[in-house]
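S.K.: Can you look at this prediction? I've put the sequence above it.
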Amino acid sequence: MQALSNLDHDVKRLNELIRNASTSHGASTRWHFDLRFSTLQPPGHLLWLFNFTSKETYAQSLPAHNVNKPSESISWFPELAAEAAPDITYALVHAFLQLNKTKGLIPTKIFTDGPPLAIEVAKELKRIGVVDSFCNIGTTTDSRLSAVDLAFEKYFQDLPGNRRGLITAPQGVRFSTPPPQAMKWTMGGGKRNSDIVLKVANQIINSISLDSRKPADAQKASAGVLHQINALNARFEETIDKDRTLAEDNDAEGTIYYALRLVLWYGIGVPQNRSECRTYLCKVLFHCPAVTAPQKIVACCLLMDWHFDNGSGPIRSRDLNATAHFADVAAALVPKGKLVPSVLAFGTQGLSQIIATVPELQLQYHHLWSAVRDRDTEIAEETQKSEVKRLKAPLRYQCAKQDCPITADSGRMLRQCAGRCDADKKPSYCGKECAFFYHKPYCRPGAECSVLEKVQVFPQGQATRGGSVAVPLTLPGGRHTMVSTSTFGAERMKEFKNEFEKLVRERE
């Protein structure tokens with residue numbers, strides 16, 4: 001942002017140009033301006049200007065004070081027109097002085113594409129002393145917006161990093177009225193909410209790198225969440241002053257906790273502030289000299305949630321791309337052979353499902369896509385190993401009752417006949433209800449197998465450390481999937497299958 005003395009000087013120069021427009025030799029001009037979020041790396045916002053008559057254009061990265069640090073441009077992410085207005089206004093003053101100096105153009109009126117931005121920029125222009133006639137900002141018509149967008153598309157196609165123009169040019173940012181709701185895990189009331197603390201604890205746990213080759217350990221994960229809940233509660237029993245001081249001293253851990261305080265609750269000496277929360281999380285990435293890679297990953301994952309789970313309905317394009325950017329940054333920091341659950345979940349369940357409609361996403365975020373591909377390869381290899389193991393002893397991994405859908409990834413999840421029948425013919429069952437009473441005549445050495453062969457429609461998947469049971473589900477349209485759990489028992493899973501498929505049938 002410009003120094004005050006420079007700004008005052010520039011405003012006086014701009015006012016002189018506007019007042020003398022009728023007698024000046026320069027060309028009087030009417031301009032459209034808007035804000036656009038560029039997804040090209042490093043991502044950030046652009047001020048875009050378009051002259052309705054001459055088709056002259058002008059673009060400037062925002063905020064202006066980060067022009068020499070493009071990697072930090074993502075730090076500036078206004079959600080409200082009022083947040084964007086100061087930087088846009090100062091950039092407009094500078095832009096029009098430059099256009100007059102280089103092109104002889106004199107601005108006489110400006111337009112934009114939405115009332116929220118027009119109102120807030122007009123307020124800011126008046127506040128810094130721009131003549132009143134220039135503060136009456138018009139609304140660009142749809143027909144003129146088409147020309148504005150076409151000009152920006154041509155500009156965007158030629159930018160470095162846009163592979164042969166394959167990445168679609170962004171539209172102008174439309175600020176909503178009223179503004180988007182606060183994050184879903186934001187609350188007020190002056191006291192903690194256990195559900196919110198649990199969510200934040202899970203976010204932090206899912207930001208920790210895990211060994212990608214080790215089976216999931218549900219008990220260890222649950223213990224980790226409980227430990228994190230206790231750590232959060234203990235930390236927030238202390239006064240806000242400690243974390244505020246650490247944040248101002250650029251201590252990474254203190255900055256993360258202070259950011260969380262800004263959105264978890266208020267009534268503890270600091271107002272709730274979603275925007276400031278994001279500012280401090282970005283500070284962890286760019287301005288904490290002793291920050292560690294794990295701390296950066298935690299900050300990235302919290303920023304991912306800040307953008308992806310903002311409680312304002314369907315995710316906006318720039319929020320989706322910002323989420324992908326922070327996931328990509330986190331993926332680049334993860335050591336080889338490790339994985340971060342939050343990053344992979346977004347890559348596989350978030351972006352991967354959107355690719356069909358936005359295929360250009362595959363051209364960006366290379367670290368994220370590499371992590372997804374590596375994980376897919378590991379899962380395929382582990383699944384194949386598990387399948388080979390189950391094929392060698394199929395009776396050990398499925399309930400022997402013919403109409404029971406339960407399978408397991410570990411033999412210890414099922415009960416096995418303890419009689420004298422041959423080891424390769426011993427039936428297993430998920431509970432007393434499925435116990436093979438008619439197996440008794442076959443429970444002797446050398447007898448035939450009492451278990452009828454089942455058709456395995458699809459694989460169980462890779463094994464978990466603590467063991468899990470699974471059931472196949474029939475989805476709408478006749479599709480199938482496997483659902484597994486290490487928490488619920490076999491009977492509860494069968495009930496879930498029946499209830500789910502009944503609901504599917506009722507809706508078809």
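M.R.: It's in. Residues are numbered from 1 along each chain as shown.
S.K.: Next, give phi and psi for Gln203.
M.R.: phi -60, psi -40 (degrees, to the nearest 10).
S.K.: From the contact counts, what lies against the longest helix seen in the chain?
M.R.: If each helix of the chain is counted by residues according to DSSP state H, the longest one is helix 366-392. Helix 366-392 sits against helix 317-333, helix 341-345, with contacts defined as 3 or more C-beta pairs under 8 Å, 6 or more residues apart in numbering; DSSP states H and E. Bear in mind the C-beta positions are built from the backbone N, C-alpha and C, glycine included.
S.K.: Just the buried residues of the longest one, please?
M.R.: Spelled out, it's helix 317-333. Residues 318-333 are the ones in helix 317-333 that count as buried (16 or more other C-beta atoms under 10 Å).
S.K.: Among those, which one lies nearest to Arg278?
M.R.: Ala322 (9.8 Å; C-beta to C-beta).
S.K.: any idea how far that closest one lies from Ala371?
M.R.: According to C-beta to C-beta, to the nearest Å, Ala322 stands 18 Å off from Ala371.
S.K.: one step back: a markdown table for the helices and strands packed on helix 366-392, including distance to Pro170?
M.R.: Below are those laid out as a markdown table (distance: least, C-beta to C-beta, whole Å):
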| stretch | distance to Pro170 |
| --- | --- |
| helix 317-333 | 7 |
| helix 341-345 | 24 |
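S.K.: Out of the ones you listed, the one nearest Glu360 is which?
M.R.: That would be helix 317-333 among those, by C-beta to C-beta, at 10.6 Å.
S.K.: quick one: contacts of the closest one?
M.R.: For helix 317-333, contacts defined as C-beta atoms under 8 Å, 6 or more residues apart in numbering pick out 37, 39, 41, 43, 74, 77, 170-171, 173, 207, 285, 293, 296-297, 300-301, 303-304, 307-308, 310, 315, 340, 342-343, 346-347, 350-351, 354, 361, 364-368, 370-371.
S.K.: Following element in sequence after it, please.
M.R.: Later in the chain than helix 317-333, the nearest helix or strand by DSSP states H and E is strand 338-339.
S.K.: Tell me where the stretch 401-508 of the chain is predicted with low confidence.
M.R.: Within the stretch 401-508 of the chain, the stretches with pLDDT under 70 are 437, 455-466.
S.K.: can you check the stretch 101-250 of the chain too?
M.R.: Residues of the stretch 101-250 of the chain that meet the criterion pLDDT under 70 lie in 177-193, 212-213, 215-218.
S.K.: mind redoing it with 50?
M.R.: For the stretch 101-250 of the chain, the stretches with pLDDT under 50 are 182-191.
S.K.: where exactly do the strands run in it?
M.R.: 105-112, 138-139, 210-211 (DSSP state E, counting those that start in this stretch).
S.K.: Looking at the helices and strands packed on helix 366-392, which is nearest to Leu246?
M.R.: helix 317-333 (21.9 Å).
S.K.: Kindly export the closest one (C-alpha atoms) in CSV.
M.R.: Output of helix 317-333 as CSV, limited to C-alpha atoms (Å, rounded to 0.1, in the frame of the first residue of the first chain):
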residue,chain,number,x,y,z
SER,A,317,-14.1,-20.9,-8.3
ARG,A,318,-11.3,-18.8,-6.7
ASP,A,319,-11.9,-20.6,-3.3
LEU,A,320,-11.6,-24.0,-5.1
ASN,A,321,-8.3,-23.0,-6.7
ALA,A,322,-6.9,-21.5,-3.6
THR,A,323,-7.7,-24.7,-1.7
ALA,A,324,-5.9,-26.6,-4.5
HIS,A,325,-2.9,-24.3,-4.2
PHE,A,326,-2.5,-24.8,-0.5
ALA,A,327,-2.9,-28.6,-1.0
ASP,A,328,-0.2,-28.4,-3.6
VAL,A,329,2.1,-26.5,-1.3
ALA,A,330,1.5,-29.0,1.5
ALA,A,331,2.1,-32.0,-0.9
ALA,A,332,5.4,-30.5,-1.9
LEU,A,333,6.5,-30.5,1.7
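S.K.: Looking at it now, give me its mean pLDDT.
M.R.: Here helix 317-333 scores 94 as its mean pLDDT.
S.K.: next one: it to chain centre, how far?
M.R.: Helix 317-333 sits 7 Å away from the centroid of its parent chain (C-alpha atoms, centre = their mean, to the nearest Å).
S.K.: For the strands of the stretch 101-250 of the chain, state which one has the densest average packing.
M.R.: Ranked by mean neighbour count, these are led by strand 105-112 with a mean of 21 (mean count of other C-beta atoms under 10 Å).
S.K.: can you count the residues close to Leu281?
M.R.: 24 (other C-beta atoms under 10 Å).
S.K.: What's the separation between it and Ala59?
M.R.: 28 Å.
S.K.: is the closest residue to Thr140 other than its chain neighbours in a bridge, and if so with what?
M.R.: Excluding the flanking residues, the one nearest Thr140 by C-beta to C-beta, 6 or more residues apart in numbering is Phe111, at 4.5 Å. Applying DSSP bridges to Phe111 gives these bridge partners: His32, Gly138.
S.K.: residues contacting Phe111?
M.R.: Per C-beta under 8 Å, 6+ apart, neighbours of Phe111: Arg30, Trp31, His32, Phe33, Ile137, Gly138, Thr139, Thr140, Arg144.
S.K.: Next, work out how far apart the fourth one and Phe111 are.
M.R.: I take that to be Phe33. Taking C-beta to C-beta, one finds Phe33 at 8 Å from Phe111.
S.K.: Which residue is the nearest non-sequential neighbour of Phe156?
M.R.: Closest to Phe156 by C-beta to C-beta, 6+ apart is Ala169, at 3.8 Å.
S.K.: Next, count neighbours for that neighbour.
M.R.: Neighbours of Ala169 using other C-beta under 10 Å come to 19.
S.K.: That one contacts Phe152, correct?
M.R.: Yes. If you go by C-beta atoms under 8 Å, Ala169 and Phe152 touch, sitting 5.5 Å apart.
S.K.: any residues in contact with both of those two?
M.R.: By the contact definition C-beta under 8 Å, 6+ apart, Ala169 and Phe152 are jointly contacted by Arg36.
S.K.: Convert the C-alpha atoms of stretch 290-304 to CSV, please.
M.R.: Provided in CSV are the C-alpha atoms of stretch 290-304 (Å, rounded to 0.1, in the frame of the first residue of the first chain):
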residue,chain,number,x,y,z
ALA,A,290,12.0,-20.8,12.2
VAL,A,291,8.9,-22.5,10.9
THR,A,292,9.2,-26.2,10.3
ALA,A,293,7.8,-28.2,7.3
PRO,A,294,5.2,-29.9,9.6
GLN,A,295,4.0,-26.5,10.8
LYS,A,296,3.7,-25.2,7.3
ILE,A,297,1.6,-28.3,6.4
VAL,A,298,-0.7,-27.7,9.3
ALA,A,299,-1.1,-24.1,8.2
CYS,A,300,-1.8,-25.1,4.6
CYS,A,301,-4.4,-27.7,5.7
LEU,A,302,-6.2,-25.1,7.9
LEU,A,303,-6.2,-22.7,5.0
MET,A,304,-7.6,-25.4,2.8
